[in-house]
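**Q** I need the structure of the sequence given here:
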Amino acid sequence: MKSYFLKIAALFIVPISISLAAGSCNNATLNGSYALLAHGTIMGMNPFNAVGVIIFDGQGHLRGSGSLIDGGSWLEYQSYATYFVSRDCSVRIDETPTSSISKTQFGMLTNDGKKIFAIATEEGKNFSFIYEKQ
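**A** All right, here's what the predicted structure looks like:
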């Protein structure tokens, strides 16, 4: 009877452990090179579009560069930021003031850390971001 009870208990404990492991993201989950695609609008201007390569260091810092079209002008940009990944795989990216694009992004990690969907909103500005591990 005792071994029967332990087998039944194991059926419930194992799935709980697996589900907790699936939600155990942290800064190290974001590590390596990611392609970036961003779109947005800036009130009173043309749409904003950007592409680039962003490198996450796994310790809460990122750097990157790319090209953007803002109001019809083609520009090169540099990006430096800090980031924080919560256990539930939500992400916050805080661009540093020296970056070409200064904003805070909020997003979610998907596909075992291989993709991030993020948004940023400031007064008169709305942006969406997709990062994909290369």
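**Q** please report phi then psi for the most centrally placed residue in the chain.
**A** Closest residue to the average C-alpha location of the chain: I116 at 4.0 Å, with Cα atoms, centre = their mean. Dihedral pair for I116: phi -130, psi 130, per degrees, to the nearest 10.
**Q** run the chain-centre distance for stretch 106-114.
**A** Counting by Cα atoms, centre = their mean, to the nearest Å, stretch 106-114 is centred 6 Å from the centre of its parent chain.
**Q** the residue nearest to S90 when sequence neighbours are not counted: neighbouring residues, count only.
**A** Distances taken as Cβ to Cβ, 6 or more residues apart in numbering put M108 closest to S90, at 5.7 Å, once the chain neighbours are dropped. C-betas here are computed from N, CA, C, even on glycine. Counted with other Cβ atoms under 10 Å, residues neighbouring M108 total 15.
**Q** circling back to that earlier point, where's the closest residue to the residue nearest to the centre of the chain other than its chain neighbours, which helix or strand?
**A** Leaving aside its chain neighbours, I116 sits nearest to Y131 (4.1 Å; criterion: Cβ to Cβ, 6+ apart). Assigned by DSSP states H and E, Y131 belongs to strand 125-133.
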